[in-house]
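> I need the structure of the sequence given here:
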Amino acid sequence: MPAPLIVESEEELKSIVLSATKVAVVGIKDGTDPNAPAYHIPMVLQSRGMRIFPVNPKFQTILGEQVYPDLASVPERVDVVDVFRRPDAIPAIADEILALPPDKRPSVVWLQIGIRNDAAAQKLADAGIRVVQNHCLGVYAAHYRPSATTPNKS
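Okay, here's the model as predicted:
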């Protein structure tokens, strides 16, 4: 039985977190406020061995990584697009993802706590992309992945 495209089960969330190695972080913040979730969570992902690809047109580097202005600029296919944007921004992000060539589309789009847009999620699911809404990727990474000594750059 194939995995559900709108992901809600704990087992599916765990599976995504354990298999993800490359994560594009849309709406990442710089370290001006180190407790801001859009800065702290990507740091947690790095500490758990995930390679992050920051996406925010306002910055050049964050957490030692080059920042990309948009998803189309990310040079590699990522497993997960982790989104830190308001729910009303999600349809445009979904369209940006669907505009990527099929071989560059992520397997999963993960909308952080407080972020939900059912219409955009269904549009992504209809294109075969799994969607997680209103869950914190950092919490699952901290729970299910061992701490890495250095970020995974592969």
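
> list the contacts for residue 122?
With contact taken as CB atoms under 8 Å, 6 or more residues apart in numbering, residue 122 is in contact with residue 6. Where you see a C-beta, it was placed from the backbone N, CA and C, and this is true even at glycine.

> same for the helix or strand bottoming out on mean pLDDT in the chain, what does it pack against?
In the chain, the helix or strand scored least confidently by mean pLDDT, DSSP states H and E is strand 6-7, which has a mean of 88. Applying 3 or more CB pairs under 8 Å, 6 or more residues apart in numbering; DSSP states H and E, one finds that strand 6-7 contacts helix 118-126, strand 130-132.

> same thing but 6 Å
Contacting strand 6-7 under the criterion 3 or more CB pairs under 6 Å, 6 or more residues apart in numbering; DSSP states H and E are the following elements: strand 130-132.

> contacting residues around the strand it packs on?
5, 6, 7, 108, 109, 110, 121, 124, 125 (CB atoms under 6 Å, 6 or more residues apart in numbering).

> Over to stretch 56-72?
28, 30, 42, 43, 52, 54, 55, 74, 96.

> same thing with stretch 100-107?
For stretch 100-107, the external contacting residues (CB under 6 Å, 6+ apart) are 77, 78, 79, 80, 81.

> Now do the contacts for the third one.
Each residue near residue 79 by CB under 6 Å, 6+ apart is listed here: 20, 22, 107.

> For these, give me JSON lines that also has distance to residue 142 and pLDDT.
JSON lines is the format used below for the contacts of residue 79 (distance: CB to CB, whole Å; pLDDT from 0 to 100):
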{"residue": "20", "distance to residue 142": "14", "pLDDT": "97"}
{"residue": "22", "distance to residue 142": "18", "pLDDT": "98"}
{"residue": "107", "distance to residue 142": "21", "pLDDT": "97"}
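
> Helices of the chain, residue ranges please.
10-19, 37-47, 90-98, 118-126, 137-144 (DSSP state H).

> most tightly surrounded among those helices?
Greatest average neighbour count among these goes to helix 37-47 (a mean of 20), per mean count of other CB atoms under 10 Å.
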